[in-house]
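[1] When you get a sec, could you give me coordinates for this:
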Amino acid sequence: MRRIASIFAYICALLGASGASAQPSASLQPVRIEVPAATNLQFLALWVAIGGGCFEKEGLKPQIIVAASPRETGQLMLHGGAEVALLPPPMFLGYIEEHEPIQLFASLLANEPINIVVSGQAANARNLSAKVSLKERLLALKGLKIGLASEVTPRLKAIYDAAGLDVGKDITRVVIAGPDQVQAFADGKVDALFAHTPYLETALTEHHGFLVVEASHGEVAALADGEIHTLATSKETAAKNPVMIERVRRAIADAEAIIHSSPETTLRALAAYGAIHEPEKALSTIVAIYGPAVPRTPAVSVAAIQHDAQLYPAHPKAPDFTKVRTADFVLTLN
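    Numbers count the residues shown, from 1 in each chain. Here you go, the predicted structure:
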């Protein structure tokens, strides 16, 4: 399967991605972007911006730098080793609490990337249907064991709260580290997963899972229109090079337009980016799930940042928004 996927990626790269610039590489301005990981499809908008030629159209040459560890993401940016950093909520909430000079300027993901997938056996036994109400779907899961990571219960609770149900009574939660989730699902140690990429699409495409709750499509209001992953710069870079930061934001805006207009062009852009090596079926599956989770514009929401503190862990701790002015950490661009 991986060989087939590699051939597919190679053909797509030859075809080229929409929006590629004709500017010679030597004339492009480098922009260093620090990321927690170079292959995580939760960062879909950034990868499409790179593979789709959106940066080149803005006269920029993106250089991806992977942080030493996910929890160190942003340190290079704060110390001059990168102009931009991709920050998940645990990191930008922690930096806000510590009053670090970050400026959030481009939203990459607005809806929750974790969804509920049930085994095909459980789905058939309980006649699960995607066409019934959220409450009916969740009631059909009653008594099942659901595998999930240790810090995501607040988001699962938000789903059950939306249906007027009690997450503590209706299912059995089994804490499983991400890399072990698919095996537990395949072995029948759990009946369902509350999971994100790459475990989500693997459970669906390789182990016949049934997607029973699509939080990524925005069906749970508390988990929609949020601020999930965001590009940030330092106050120093924002002051010294505002034109570059505005060009980065425009590149992301172009990528988000591509994602919402054409899944085929999105897949070609991911192939051109080159770092994603998932099988074609899995990649198509996750693009279909995560496409609606990408915002239509990269505008950053102050209210959504504050809401994040109720749902996501913060490292080392969440800010007290009665004492912190959130807008001070958001860069307003034209």
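[2] alpha carbons only for contacts and neighbour counts from here, please
    Fine.
[3] what's around residue 256, how many residues?
    Per other C-alpha atoms under 10 Å, the neighbour tally for residue 256 reads 26.
[4] Help me confirm that it is found in a helix?
    Yes: per DSSP: H, G, I helix; E, B strand; the rest coil, residue 256 lies within a helix segment.
[5] pretty sure it contacts residue 293?
    No: in this structure residue 256 lies outside contact range of residue 293 using C-alpha atoms under 8 Å: 10.3 Å.
[6] Any regions of the stretch 1-150 of the chain where pLDDT drops low?
    Filtered on pLDDT under 70, the stretch 1-150 of the chain yields the residue ranges 1-25.
[7] doesn't residue 86 fall inside a helix?
    No: under three-state DSSP, residue 86 sits outside any helix and is assigned strand.
[8] what separates residue 95 from residue 173, distance-wise?
    Separation of residue 95 from residue 173 (C-alpha to C-alpha, to the nearest Å): 31 Å.
[9] scratch that, residue 127 is what I was asking about
    For residue 127, the distance to residue 173 - C-alpha to C-alpha - is 22 Å.
[10] These two: who's more crowded?
    Summary of the neighbour comparison: residue 127 and residue 173, criterion other C-alpha under 10 Å, with residue 173 having more neighbours (21 against 10).
[11] Regarding the more buried one, what is its secondary structure?
    Following three-state DSSP, the label given to residue 173 is strand.
[12] Let me know whether residue 306 touches residue 321 as I believe.
    Yes: with contacts counted by C-alpha under 8 Å, residue 306 reaches residue 321, the gap being 7.0 Å.
[13] More neighbours: which of the two?
    Neighbours were counted for residue 306 and for residue 321 using other C-alpha under 10 Å; residue 306 has more, 18 against 13.
[14] give the contact list for the more buried one.
    Neighbouring residues of residue 306 by C-alpha atoms under 8 Å, 6 or more residues apart in numbering: 321, 326.
[15] run the last query once more with 7 Å
    Shown in contact with residue 306 (C-alpha atoms under 7 Å, 6 or more residues apart in numbering): residue 321.
[16] From residue 323, how far out is it?
    Distance check for residue 306 against residue 323: by C-alpha to C-alpha, it reads 12 Å.
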